[in-house]
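Q: sequence and predicted structure below; questions after.
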Amino acid sequence: MPELPEVEAVVRTLRPIVQGRRIRRVHVFHLIATKPQTPTRVARQAKGSRIRIVDRKGKYLLLILDSGLLTMHFRLDGQLLWFSDFKELMERANHGKSGVHVDVALELDKGVLGFADRRHFGRVHTWKSADDCPGLSALGIDALSRDFTSRRLTGLLSASKRPLKDFLLDQSRVAGIGNIYSCESLWHAHLDPRRSANSLQPLEARRLHKAIVSVLARALECCLHPAPDFRNPEWWFQGLESILRVYSREGKPCRRCGQPVRRVEQGGRSTYYCSRCQK
Ligand SMILES: [Zn+2]
């Protein structure tokens, strides 16, 4: 599931390809991909606009246009694809089982950018401004931004009674961290995911901040080597399993102390942690 590092890797790879390009036409092949917006609305805002900036906030990819912006959210396994031109798109996309799945395509003055999500959770929307997008304006501080300091995190933690794991998943506090990297950060910080956020001592909060920053940086490095290959419809992030210390390792020995890793449900999601060395 794309979290902040994965989306950031997509943004960095996409930026040199589409920044400055003009969107000639918008093709919506599967209507669900723009819901609750209509394809007409998405097309009207984007058509004819130049992509000024490719950016990211939290897990959103943003195309800042001449007027307004286009947002993409990949949810569980949405992805981007690249085609040389409209002809290639029409030859390859959505032809039964053998074809490449594409939900929305932005036909640019050079090349075509496709958005695909076979499970249809991902979304493409347009907005007059970022303030109009409820999902964006509700986001808290981005975990990769310079403003995400130890002091800032400490302040946020002290204002919340929620369990640490739930706190980290709350995009309105810190944006970009999902299930995998919250588990990983808490393991690196030696913190029990069930502890309430406001129970952390200043030293523990600093440790958590350091763990989040380093976990995300390492994951981003991994996502960029190799970088996403939008030309290949099978592309996906590789090698991430090798950097994971605790996520999805139920019953296997903790890589620090050897105790079997535990799995518990928190907020309907699986949390993996070590009951011996995470306190
Ligand atoms: Zn352990």
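A: That came through, no problem. Predicted, not measured: the structure shown is a model, and the values here were computed from it. Numbers count the residues shown, from 1 in each chain.

Q: just give the number of residues close to Ala105.
A: When neighbours are defined as other CB atoms under 10 Å, Ala105 has 24 of them. Just so you know, the C-beta spots here come from the backbone N, C-alpha and C atoms, and that holds for glycine as well.

Q: what sits against it?
A: When contacts are counted by CB atoms under 8 Å, 6 or more residues apart in numbering, Ala105 touches 26-27, 29, 83, 89, 93, 112-115.

Q: if we go to 6 Å?
A: 27, 89, 112, 114 (CB atoms under 6 Å, 6 or more residues apart in numbering).

Q: most neighbours among these, which one?
A: Gly114 (25 neighbours).

Q: and it, how close does it get to the ion?
A: 43 Å (CB to the ion, to the nearest Å).

Q: and that residue, what are its phi and psi?
A: phi -110, psi 140 (degrees, to the nearest 10).

Q: Leu106 now?
A: According to degrees, to the nearest 10, Leu106 has phi -100, psi 110.

Q: am I right that it is in contact with Arg24?
A: No: using CB atoms under 6 Å, Leu106 makes no contact with Arg24, being 8.5 Å away.

Q: OK, contacts around the residue lying closest to Lys165 once chain neighbours are set aside?
A: What sits nearest to Lys165 in space, not counting adjacent residues and going by CB to CB, 6 or more residues apart in numbering, is Pro193, at 3.8 Å. Neighbour list for Pro193: 164-165, 186, 271, 273 [criterion: CB under 6 Å, 6+ apart].

Q: helix, strand, or coil at Pro193?
A: coil (DSSP: H, G, I helix; E, B strand; the rest coil).

Q: need the per-residue pLDDT for Ser98.
A: On pLDDT, Ser98 comes in at 69.

Q: helix or strand: which one has the residue in the stretch 51-200 of the chain that the ion sits nearest to?
A: Nearest residue of the stretch 51-200 of the chain to the ion: Trp187, at 7.9 Å (CB to the ion). In this assignment (DSSP states H and E), Trp187 forms part of helix 179-188.

Q: name the helices or strands packed onto that helix?
A: helix 164-169, helix 202-224 (3 or more CB pairs under 6 Å, 6 or more residues apart in numbering; DSSP states H and E).
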